[in-house]
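Visitor: model the following, please.
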Amino acid sequence: MEIPEQFAQLWAAERPDLEELVCAVSANGRPDAADPRVLLDDLVLSITERSGEPSGPGALVKALCGSGVLRGDTQTYDSPENSLLDRVLERGCGIPLSVAVVVVLLGRRLGVDLEIIGLPGHVVARDPLGGSVFDVFDGGRVLDAPSVVALARRYEPAWQPRPGGEVALDVRSVVDRWCRNLRSAYVRLGDDSGLERVLALELRRRPPPSDALGAATTRLVARGAYLEAAGLLEEHALPGPTGDALRSSAQRLRALLN
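Guide: Next comes the predicted model:
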């Protein structure tokens with residue numbers, strides 16, 4: 001099975017698996033890439049051999065992020081490697097989302113439960129039972145409520161916390177952010193091949209993200225592939241006003257061929 005098809009099936013599952021999805025993103029078009037599952041298993045072994053099994057979320061975050069085994073990449077933040085799971089594990093660094101995902105996946109292997117909380121421009125990890133919040137990008141620093149607000153307001157000055165606490169991101173929301181980060185990184189780098197790879201995955205979602213569909217259409221139009229661009233829009237035009245708008249755009253593109 002081709003990876004885009006595998007990704008589509010994983011995405012559509014009743015209970016999508018985070019690890020399988022981010023592994024599929026990393027493997028797509030990269031046949032020589034290391035298997036992130038093996039790297040995760042190796043890292044678990046390294047941690048337990050060095051300091052024993054962590055006793056809870058705080059101990060796990062300390063063993064990974066407080067020790068520098070896993071750190072935030074402040075030097076090459078915009079690199080696509082920060083959104084390829086195998087490269088994050090090989091380099092021991094990533095952006096907030098990829099570091100948080102590694103912590104969660106390692107916790108799963110060790111029986112330690114952590115969840116991912118999305119903030120404006122940032123991601124943190126949280127102990128769902130004890131409520132402690134960790135900035136895993138910043139050495140696993142423990143954040144109290146005012147610190148969370150201050151962190152979020154760096155990116156969105158008017159941000160207000162939700163009454164009762166922030167809701168953890170579900171698997172699809174995490175993977176959606178992961179793909180958007182990777183797509184943006186390829187755009188900034190000017191890597192057309194990489195951009196095509198991540199768009200091939202995003203377009204297999206039903207429905208696909210509107211910005212990914214727009215990016216793919218724009219690329220086809222820039223190459224003069226109006227018929228192909230129109231077909232892409234029509235393929236994803238569901239019933240309703242949004243679908244009507246896509247069909248109208250497809251008609252305009254077809255008219256350019258006359």
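
Visitor: show the average pLDDT along the helix or strand hosting Trp178.
Guide: Here Trp178, judged by DSSP states H and E, is contained in helix 171-189. Model confidence over helix 171-189, given as mean pLDDT, is 97.

Visitor: low-confidence stretches in this protein?
Guide: Applying pLDDT under 70 to the chain picks out residues 258.

Visitor: would you map out the domains in it?
Guide: Listed domain ranges for the chain are 3-153, 207-258 (source: automatic domain parsing).

Visitor: give me whichever of these is most buried.
Guide: Mean neighbour count (mean count of other CB atoms under 10 Å) peaks for domain 3-153 among these, with a mean of 18. Where you see a C-beta, it was placed from the backbone N, CA and C, and this is true even at glycine.

Visitor: how far off centre is that one?
Guide: 10 Å (CA atoms, centre = their mean, to the nearest Å).

Visitor: just the helices in the protein please.
Guide: Assigned by DSSP state H, the helices in the chain fall at 3-12, 18-27, 36-51, 57-61, 85-91, 96-110, 145-153, 171-189, 192-202, 210-222, 226-235, 241-255.

Visitor: helix 18-27 and the first one, what's the angle between them?
Guide: Just to be clear, that refers to helix 3-12. Interaxial angle, helix 3-12 versus helix 18-27 (axes from the mean of the first three to the mean of the last three CA atoms, to 10 degrees): 160 degrees.

Visitor: which other helices and strands contact helix 3-12?
Guide: Secondary structure elements in contact with helix 3-12, counted by 3 or more CB pairs under 8 Å, 6 or more residues apart in numbering; DSSP states H and E, are helix 18-27, helix 192-202.

Visitor: so which elements touch the shortest one?
Guide: Going back to what we said before, that points to helix 18-27. Under the contact definition 3+ CB pairs under 8 Å, 6+ apart, helix 18-27 sits against helix 3-12, helix 36-51, helix 85-91, helix 96-110, helix 171-189, helix 192-202.

Visitor: can you tell which of those is closest to Cys65?
Guide: helix 96-110 (7.2 Å; CB to CB).

Visitor: alpha carbons only: can I get the closest one in PDB?
Guide: Output of helix 96-110 as PDB, limited to C-alpha atoms (Å, rounded to 0.1, in the frame of the first residue of the first chain):
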ATOM      1  CA  PRO A  96       7.200  22.500  20.500                       C
ATOM      2  CA  LEU A  97       4.800  20.200  18.800                       C
ATOM      3  CA  SER A  98       7.300  17.500  17.700                       C
ATOM      4  CA  VAL A  99       9.000  17.500  21.100                       C
ATOM      5  CA  ALA A 100       5.600  17.200  22.800                       C
ATOM      6  CA  VAL A 101       4.700  14.300  20.500                       C
ATOM      7  CA  VAL A 102       7.900  12.500  21.300                       C
ATOM      8  CA  VAL A 103       7.300  12.900  25.000                       C
ATOM      9  CA  VAL A 104       3.700  11.600  24.700                       C
ATOM     10  CA  LEU A 105       4.800   8.600  22.600                       C
ATOM     11  CA  LEU A 106       7.600   7.700  25.000                       C
ATOM     12  CA  GLY A 107       5.200   8.100  27.900                       C
ATOM     13  CA  ARG A 108       2.900   5.600  26.200                       C
ATOM     14  CA  ARG A 109       5.700   3.000  26.100                       C
ATOM     15  CA  LEU A 110       6.400   3.600  29.800                       C
END
